[in-house]
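J.: Attaching a predicted model along with its sequence, questions to come.
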Amino acid sequence: MKYICLGYYNKDALESRTEQEQNEMFDACFAYDDHLRANGHWAGGEGLHPAEDAMTVLWKDGKVTTTDGPFTETKEQLGGILILEARDMNHAVQLMSQHPSIKYGSIFDIRPVADMSDIMKASAERRRQSATQ
């Protein structure tokens, strides 16, 4: 089963580390990612630019609105997304609890990937029927 792991970090804490400390952290994290790949648990992932580079799109007062940065203000920022292959939630938690970034203060929000295939098929059928009427 696939799990989306959203990795959050404290920007101020990261920036307060020396370049060497940051490099040690990244090296440990990427080595663990290699371990996940080698054992068939890595299904994808990407790092993200900081929140200052984000745009939020939302519906407000009957129209689409955009705002700079994230919609919610928090101390932690979403720093990346990892797609994990695990047997179940307990296994996903076990794998992510070994991720070195935890020791550096990162937080992971782990969510099972929803199987949307039946909903997508039903929607396609409704749209197909609507187009033929």
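T.: Perfect, thanks for sending it. Residues are numbered from 1 along each chain as shown.
J.: and the gap between residue 69 and residue 55?
T.: Separation of residue 69 from residue 55 (Cβ to Cβ, to the nearest Å): 8 Å. To be clear about C-beta, it is placed using only N, CA and C from the backbone, and glycine gets the same treatment.
J.: Give me the more crowded residue out of these two.
T.: residue 69 (14 against 10; other Cβ atoms under 10 Å).
J.: got the residue ranges for the strands in the chain?
T.: 2-10, 42-47, 55-60, 63-68, 76-85, 107-112 (DSSP state E).
J.: can you list the weak-confidence ranges in this structure?
T.: Applying pLDDT under 70 to the chain flags residues 70-74.
J.: got the angle for the lengthiest helix in the chain vs strand 2-10?
T.: Scanning the chain for the longest helix, with DSSP state H as the assignment, gives helix 19-38. Between helix 19-38 and strand 2-10, the angle formed by their directions is 180 degrees, by axes from the mean of the first three to the mean of the last three Cα atoms, to 10 degrees.
J.: what's helix 19-38 packed up against?
T.: Applying 3 or more Cβ pairs under 8 Å, 6 or more residues apart in numbering; DSSP states H and E, one finds that helix 19-38 contacts strand 42-47.
J.: for the strand it packs on, which positions count as buried?
T.: Neighbour counts over strand 42-47 (16 or more other Cβ atoms under 10 Å) mark 42, 43, 45 as buried.
J.: what residues are up against the first one?
T.: Residue 42 makes contacts with 33, 36, 82, 83, 84, 85, as judged by Cβ atoms under 8 Å, 6 or more residues apart in numbering.
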